[in-house]
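1. Sequence below, structure please.
(chains A, B, C and D)
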2 protein chains.
Amino acid sequence: MHASLSVASDPRLPIYRQLSDLLRSRIEQGHWAPGSRIPPESELAEQTGAALGTVRRAIEVLVDDGLLTRQQGRGTFVRKADFSNSLFRFFRMTGEDGALLMPQGRILARRLAPLPAAVAERLSLRPGAEGLCLDRLRLVGDKPALLECIWLEAGRFAALAELPLEDFGDLLYPLYERACGAVVARATELLTVGSAGAVTAERLGIAPGAAVVVVDRLAYGYDGRPMEWRRSWGAADKFAYSIEIR
Amino acid sequence: MHASLSVASDPRLPIYRQLSDLLRSRIEQGHWAPGSRIPPESELAEQTGAALGTVRRAIEVLVDDGLLTRQQGRGTFVRKADFSNSLFRFFRMTGEDGALLMPQGRILARRLAPLPAAVAERLSLRPGAEGLCLDRLRLVGDKPALLECIWLEAGRFAALAELPLEDFGDLLYPLYERACGAVVARATELLTVGSAGAVTAERLGIAPGAAVVVVDRLAYGYDGRPMEWRRSWGAADKFAYSIEIR
DNA sequence: GAGTGGTCTAGACCACACT
DNA sequence: GTGTGGTCTAGACCACTCC
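-> Numbering: from 1, shown residues only, chains lettered A, B, ... in the order given. The predicted structure follows:
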């Protein structure tokens, strides 16, 4: 029995674990597209020979991991990550009246160049590989809020090297998906504090040497491989981040 | 049936939810002490009239919430929060050789005074209520690392007003428990960036006006009520914090 | 009404910890 | 060996979504 699981992971693991690994690999390999519905639990149970409760448990693992979301009466779906406002979690970027404002994105510069060694390493590419670099300013209510430096693998994102800068729009990740078929699944970020250099300060509209919060982000695709590295700078006096500890 | 649940929450909720609320209230009211073992699942099932699987699910909720921990073959235990190094998650506080060092705590000043309005509000106490304030320096390898200003309700923590300053030791939360029977269950923190005033700078050994990371923490007891408010300052150039996004 | 996930039950056997 | 939590099954009924 469990014929469909034979290609999967360590058989000493609990069935629900083997099952969740199987489902995870199907998602990562694009067998089920992000946003699409996976087969109903009953069907998965039948296909794999496991009991329904065991399938539910396997799905639960992936829901906890953020790969799937369930909707009662509708089905279970491959989750599409929503980074639309993620960086702005860290910053108080509301208007004078306290209302939330939609941030804009403006590409300041684009160039093809060899990836810096540190970036290449984080992207798991060989040092000196060709990269695409974007300098980008994010504005809230016409005021500069964040400055970003973004590095991508030139080959995979070739379409962005041609695209008119005005057509980049306010959000990059949906663009990656539309233009390059690259979907971001998750990311890690590292926050530090530094001081603004002359150029950074001028672009952000703050005093040179003023404190800035630096956010380094590495974004991964559904295949688990790093896809984009970016470093963002924002005025430190606008920074606020809350955490729950247990 | 479910006689033992009759005093519990909204009966329209799923049984496992009502059960987890019941268990939660028992923990919060100190019915089961932190660190102690709760009755086995089979016993809880029998007492409440629910099936074993339902009890397991209820316990799962509290495990996810961090209130309980399970240990196969031993039992399920009320979790004791471990904050021993929590603030140092945010700071690179290793020695020159990269080794982790045990932070020390030193009380610089202690005084009884009315709680500042903002602090009283966060502690859910009436404005002007008597408070106990501690100024504390945390050192790593004899170097100043963090400066802390701590506010407590004077009545509940009366024992600390008498204690010789040398007897406070390096960790406060275990002291709260020993001396005052107050156990910290969880906390929320808010991170911001500011600049060091003259006194802060001198105590931390940094330049006046240098950037500092400010961490405001509100710590809660098992009864869910706020217990301690503290504000900590650390040199911003030592700050680093990493996050996982999905 | 058909199909989906959500809750609940009753019982079996396994893995681990203590003694 | 005894008691604990961990896994798994088979089947029932409920709640929600969509046609």
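2. can you give me the strands in chain A?
-> Using DSSP state E, the strands of chain A run over A:68-71, A:75-78, A:104-114, A:130-140, A:143-153, A:184-195, A:211-221, A:226-235, A:240-245.
3. TSV for those strands, including distance to B:Glu28, mean pLDDT and mean neighbour count?
-> Where you see a C-beta, it was placed from the backbone N, CA and C, and this is true even at glycine. Listed next are the strands of chain A as TSV, based on distance: least, C-beta to C-beta, whole Å; pLDDT from 0 to 100; neighbours: other C-beta atoms under 10 Å in any protein chain shown:
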stretch	distance to B:Glu28	mean pLDDT	mean neighbour count
strand A:68-71	30	92	14
strand A:75-78	34	93	18
strand A:104-114	46	95	14
strand A:130-140	41	94	19
strand A:143-153	42	94	21
strand A:184-195	33	89	19
strand A:211-221	37	92	21
strand A:226-235	39	95	22
strand A:240-245	17	76	14
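4. Would you format those as TSV with distance to A:Ser42 included?
-> Putting these into TSV (distance: least, C-beta to C-beta, whole Å) gives the following:
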stretch	distance to A:Ser42
strand A:68-71	14
strand A:75-78	12
strand A:104-114	44
strand A:130-140	46
strand A:143-153	41
strand A:184-195	27
strand A:211-221	31
strand A:226-235	35
strand A:240-245	37
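5. Going by proximity to DNA strand D, name the top residue of chain A.
-> Residue nearest to DNA strand D within chain A: A:Gly73 (2.5 Å; C-beta to the nearest atom of the strand).
6. what's next to stretch A:111-120, contact-wise?
-> In this structure, residues lying in contact with stretch A:111-120 by C-beta atoms under 8 Å, 6 or more residues apart in numbering or on different chains are A:123, A:125-133, A:151, A:153-154, A:161, A:229.
7. biggest separation within those, which pair?
-> Across the contacts of stretch A:111-120, no pair lies farther apart than A:Pro127 and A:Ala161, at 20.7 Å, counting by C-beta to C-beta.
8. Report the contact partners of the spatially closest residue to A:Val63 that is not a sequence neighbour.
-> Closest residue to A:Val63 apart from its sequence neighbours, by C-beta to C-beta, 6 or more residues apart in numbering or on different chains: A:Arg70 at 6.1 Å. Contacts for A:Arg70 (C-beta under 8 Å, 6+ apart) come out as A:59, A:63, A:76-77.
9. Going by distance to B:Arg37, which of these wins?
-> A:Val63 (29.7 Å).
10. That closest one: neighbouring residues, count only.
-> Burial of A:Val63 is recorded as 16 neighbouring residues (other C-beta atoms under 10 Å in any protein chain shown).
11. same deal with A:Ala236?
-> 25.
12. just A:Val199 next, same as before
-> So A:Val199, with other C-beta under 10 Å, has 11 neighbours.
13. Can you check the pLDDT for it?
-> If you check A:Val199, the pLDDT there is 95.
14. show me what contacts the nearest residue to A:Glu130 once chain neighbours are set aside?
-> In space, and not counting its chain neighbours, A:Glu130 is closest to A:Ala154: 4.0 Å by C-beta to C-beta, 6+ apart. With contacts defined as C-beta under 8 Å, 6+ apart, A:Ala154 is in contact with A:112, A:129-132, A:161.
15. Please name the residues that touch A:Ser232.
-> A:87, A:146-149, A:214-215, A:217 are the contacts of A:Ser232 under C-beta under 8 Å, 6+ apart.
16. What is the burial count for A:Lys238?
-> 20.
17. circling back: from the contacts of A:Ala154, which two are the most distant?
-> Among those, the pair separated by the greatest distance (C-beta to C-beta) is A:Ala129 and A:Ala161, which sit 14.6 Å apart.
18. surely A:Asp223 meets A:Ile27?
-> No. Checked against C-beta atoms under 8 Å, the pair A:Asp223 and A:Ile27 is beyond contact range at 9.8 Å.
19. So between the two, which is more surrounded?
-> Higher neighbour count among A:Asp223 and A:Ile27: A:Ile27, with 22 against 12, using other C-beta under 10 Å.
20. The more buried one contacts A:Leu67, correct?
-> Yes. If you go by C-beta under 8 Å, A:Ile27 and A:Leu67 touch, sitting 5.7 Å apart.
21. Would you map out the domains in chain A?
-> A:3-78, A:86-238 (automatic domain parsing).
22. Please see if the shortest one touches DNA strand C.
-> By that I understand domain A:3-78. Yes. Using C-beta under 7 Å from any atom of the strand, we find that domain A:3-78 touches DNA strand C at A:38, A:40-43, A:53, A:56, A:70-76.
23. centre of the chain versus that domain, how much separation?
-> Centroid separation for domain A:3-78 versus its chain: 22 Å, with C-alpha atoms, centre = their mean, to the nearest Å.
24. for the longest one, same thing?
-> Its chain's C-alpha centre lies 12 Å from the corresponding centre of domain A:86-238 when counted by C-alpha atoms, centre = their mean.
25. how close does the residue nearest to A:Val63 sit to A:Glu41?
-> From A:Arg70 over to A:Glu41 the distance is 9 Å, taken as C-beta to C-beta, to the nearest Å.
26. what does A:Val78 give?
-> 15 Å.
27. which parts of chain A sit against chain B?
-> A:66, A:79, A:81, A:83, A:86, A:185-195, A:211, A:213, A:236-237, A:239-246 (C-beta under 8 Å from any C-beta of the partner chain).
28. who's in contact with the nearest residue to A:Gly224 once chain neighbours are set aside?
-> Among residues not flanking A:Gly224 along the chain, A:Glu28 sits closest, at 6.0 Å (C-beta to C-beta, 6+ apart). Contact analysis of A:Glu28 by C-beta under 8 Å, 6+ apart lists A:222-224.
29. DNA strand D contacts on chain A?
-> Checking chain A against DNA strand D by C-beta under 7 Å from any atom of the strand, the hits are A:14-17, A:49-54, A:57, A:71-74.
30. Kindly recompute the last result at 10 Å.
-> A:1-2, A:11-20, A:41-42, A:45, A:48-58, A:71-75 (C-beta under 10 Å from any atom of the strand).
31. follow-up on the earlier one: would you check how far apart the residue nearest to A:Val63 and B:Ala51 are?
-> Using C-beta to C-beta, A:Arg70 is found at 22 Å from B:Ala51.
32. Next, count neighbours for A:Glu43.
-> So A:Glu43, with other C-beta under 10 Å, has 11 neighbours.
33. from the contacts of A:Arg70, which is closest to B:Glu177?
-> A:Val63 (36.3 Å).
34. ok, the closest one to A:Arg79 distance?
-> Distance from A:Val63 to A:Arg79, by C-beta to C-beta: 9 Å.
35. Give the residues shared as contacts by these two.
-> A:Thr69.
36. my read: A:Ala207 touches A:Ala201, true?
-> Yes. Here A:Ala207 reaches A:Ala201: they are 6.2 Å apart, a contact under C-beta under 8 Å.
37. With neighbour numbers in mind, choose between those two.
-> A:Ala201 (19 against 12).
38. from what I can see the more buried one touches A:Trp233, true?
-> No. If you go by C-beta under 8 Å, A:Ala201 and A:Trp233 don't touch, sitting 9.4 Å apart.
39. ok, back up a step: joint contacts of A:Ile27 and A:Leu67?
-> A:Val78.
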